[in-house]
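Student: take this sequence and fold it.
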Amino acid sequence: MVAVVARHRQGKQLQQCVGNGRLLAVGGVPASEAGTCGGRGRKKRGRSEECPPEKEGSVDSNKRVVAVARQGRELQRYASDGNRLVVGCIPYRFKADKSLQVLVISSQKGQAILFPKGGWESDESEIDAVLREAMEEAGVQGNVEERLGTWNYKSKTQDLYKRGDMFPLNVTEELLQWPEMESRQRKWVTVDEAREKCRETWMREALEELVKRLEKPHDGAPAYTAGAPL
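Tutor: Purely as a prediction, here's the structure:
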């Protein structure tokens, strides 16, 4: 299992330090562009940044992940009509009995249940943005699958509309620590529980699209059957 050291830094991407001193960036920055750790550090805007030093009893440096959450909206993308572009995902997994579970998170104020989502920024691809939001808000990694759809919805805090694209995320790894773990809770739930708890209409519609897709035969057999234990 990969251990995680979580912290917030403005404008940074998810970073991983491996044993050979190479600093990797999760979320679309190639290792060749990420620079190195150790004595030389990583140059960034006229300064260098080094990997955090190892402490006695700390995780193996080969498994150290530094997870960082972006802040600010300087790089935010907008549609031609002025709507803010948002991407999100529905993290899912199958249990041993083939029952389907989805991962929901709480809002930062703890008053709502939803799926990971956030702004798509100009220095990343759409898929990179999905992976970043899943890591920052829910602490999961996985494979992003074909888009579920696009929804326009009204902001709850501002007098404007947003355009949200939702994707399935087939979860392959859950991290023990992640950037927003102190301000959000995460929980695996059944589809019925997600339908009941999530108050965002567009997210519930995306969930229905996911369920319909997973009901279709895959490799000769359905991955999920309606009426199976949930």
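Student: direction included, what does the top strand by length along the chain pair against?
Tutor: Ranked by residue count and defined by DSSP state E, the top strand of the chain is strand 161-174. Paired strands of strand 161-174, with direction, are strand 84-94 (parallel), strand 140-144 (antiparallel), strand 149-154 (antiparallel) (DSSP bridges).
Student: list the buried ones in the shortest one?
Tutor: Across strand 140-144, burial judged by 16 or more other C-beta atoms under 10 Å covers 140-142, 144. For glycine as for every other residue, the C-beta is placed from the backbone atoms N, C-alpha and C.
Student: ok, those residues vs Glu196, which is closest?
Tutor: Nearest to Glu196, judged by C-beta to C-beta, of those is Val140 at 21.8 Å.
Student: the closest one touches Leu176, doesn't it?
Tutor: No. At 11.3 Å, Val140 does not count as touching Leu176 under the criterion of C-beta atoms under 8 Å.
Student: quick revisit: could the buried residues of strand 140-144 go into JSON lines alongside distance to Glu74 and pLDDT?
Tutor: JSON lines is the format used below for these (distance: C-beta to C-beta, whole Å; pLDDT from 0 to 100):
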{"residue": "Val140", "distance to Glu74": "26", "pLDDT": "98"}
{"residue": "Gln141", "distance to Glu74": "26", "pLDDT": "98"}
{"residue": "Gly142", "distance to Glu74": "28", "pLDDT": "98"}
{"residue": "Val144", "distance to Glu74": "25", "pLDDT": "98"}
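Student: and of those, the nearest to Lys156?
Tutor: Closest to Lys156, out of all of the buried residues of strand 140-144 and judged by C-beta to C-beta, is Val140, at 24.6 Å.
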